[in-house]
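J.: sharing a model that was predicted from the sequence below.
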Amino acid sequence: MPLIRQLQWEELDLLQGLEAIPTQDDNGGMHYRVRHDGLVLLVSLWSDLGLVDVTLVQTGTEAILLDLTVAVRGRIRYNNDKRGEYLEFADCVLVSRVTLAEEQMEAAFSPNLLGRAMLLAVKPHVSVLFE
C-alpha cells in the first residue's frame, strides 16, 4: 500500500488541538502560533510535501527548545481521551530540514521505513511526544 505524500487533516481538528487560527503564506504553508506558559509553539504544515515543522521557543530568552521537521505519512487527528487533549500525527519520520533532498523525501515515504506517532498538546501544558 503506497504511503500518502499529502497531509490529511480536518481543519476543525487543528483548531481544537492548537486553539489558534492559522495564517497561510504564498508558498502554501499553513502556520499556527500558540503562546502558553512562557512558550511559543510554532507549527507549520506543508500539505503538498507531507511535512510538518514544529518549533518551541522560550519567550523570555528567545531560546529555541525544539526545532524539527517530520514527514507525516498518516492522518492528523484531534483526540480527547483519558490521556488528555492532543493532536496525533500518525506515522511520522523525522527528516532534516537543512539537507532536505528528493532522495531523503523518497526514503521518508518508503513503506520499508518504520514511522512513529507524534503527539502534540497545548493543554494543560505544551508537550511533544513520539510514541
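T.: Arrived safely.

J.: only alpha carbons, please: show the least confident helix or strand in the chain by mean pLDDT as CSV.
T.: Every helix and strand in the chain was compared by mean pLDDT, DSSP states H and E; the lowest is helix 102-108, with a mean of 81. Taking Å, rounded to 0.1, in the frame of the first residue of the first chain, the C-alpha atoms of helix 102-108 are listed here in CSV:
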residue,chain,number,x,y,z
GLU,A,102,14.4,14.4,-3.1
GLU,A,103,16.3,11.2,-2.0
GLN,A,104,15.5,12.0,1.6
MET,A,105,11.8,12.6,0.8
GLU,A,106,11.7,9.3,-1.1
ALA,A,107,13.2,7.5,1.8
ALA,A,108,10.9,9.2,4.3
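
J.: what's it in contact with?
T.: For helix 102-108, the external contacting residues (CB atoms under 8 Å, 6 or more residues apart in numbering) are 49, 71, 73, 93, 95-96, 113. Just so you know, the C-beta spots here come from the backbone N, C-alpha and C atoms, and that holds for glycine as well.

J.: and for stretch 122-131?
T.: For stretch 122-131, using CB under 8 Å, 6+ apart, the contacting residues are 17-19, 34, 36-37, 39, 41, 54, 56, 66, 84-86, 92, 116-121.
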